[in-house]
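Chemist: Turn this into a model:
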Amino acid sequence: MSRWAYIADNLQRVHERIARACARAGRDPDAVRLVAVSKNMPAEAVAAAYAYGVRDFGENRVEEALPKIAAVQGLLGDAPAPAWHMIGHLQRRKVRDAMPAFDLVHSVDRLALAEEMEKRLSAIGKVMPVLLEIKLSYEETKWGFAPEEAPEAVGRILELPHLRIRGLMTMAPVVSHAEEARPYFRRLRELRDALARQFPQACWDELSMGMTDDFEPAVEEGATMVRIGRAIFLPAE
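Modeler: The predicted model follows:
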């Protein structure tokens, strides 16, 4: 554990920054869930973050996540399992293995994926909360529904009995200053509010937006989940 002791200080700084952003926006810090992005980190680092209070972890790749999830639980022993979030692009051929392992999928980015998830979830009798990933920038590396595609996607996904829409997710483009990402976060919140009016039968309580370089404006714009990796798992410079 001593090797990872710096994680405790990192977490304290991150929580303080979230609290200050919430204060500026008049929000309760308890309304923002910290998802520690543990991709490329060993199970021992995840267990250390758990010991320091983290209960939500995000992984990008199924092939990395599955052995890590098992290893982390082995390290935790009888302690309650953390919640595992799939936050990366999910390939259809990986869905069968992913569905038993994850507790929430942030990255439902196309209808074919949602339909494959429904098929696999039905087979194991599991209902999965999901977020629709929205593409608000035109970077080729980004995935997601275009905003104008979202209403049709929501209508179709609401017909899938083993998926439960909980809100939206986005990745802002890489910017020089965090404040430059704010318009993207505001636009996602506004889209969520519009969809909530159009589809009141769904639950719209989650906005997953903001990462290490831009999470403060995301919190100010209404993020309920921030996905932070480097600021937690890398030693401070």
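
Chemist: so where do the strands sit in the protein?
Modeler: For the chain, the strands defined by DSSP state E cover 33-37, 56-59, 83-86, 104-108, 128-133, 163-169, 206-208, 225-228.

Chemist: any chance of those strands in TSV, plus mean pLDDT?
Modeler: Below are the strands of the chain laid out as TSV (pLDDT from 0 to 100):
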stretch	mean pLDDT
strand 33-37	98
strand 56-59	98
strand 83-86	98
strand 104-108	98
strand 128-133	98
strand 163-169	98
strand 206-208	98
strand 225-228	98
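
Chemist: now these as JSON lines including distance to Ala146?
Modeler: C-beta: built from backbone N, CA, C; applies to glycine. As requested, these are arranged in JSON lines below (distance: least, Cβ to Cβ, whole Å):
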{"stretch": "strand 33-37", "distance to Ala146": "25"}
{"stretch": "strand 56-59", "distance to Ala146": "24"}
{"stretch": "strand 83-86", "distance to Ala146": "22"}
{"stretch": "strand 104-108", "distance to Ala146": "14"}
{"stretch": "strand 128-133", "distance to Ala146": "11"}
{"stretch": "strand 163-169", "distance to Ala146": "13"}
{"stretch": "strand 206-208", "distance to Ala146": "18"}
{"stretch": "strand 225-228", "distance to Ala146": "21"}
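
Chemist: Identify the residues contacting Ala172.
Modeler: Leu136, Ser137, Ala181, Tyr184, Phe185, Met209, Gly210, Asp214, Ala218 (Cβ atoms under 8 Å, 6 or more residues apart in numbering).
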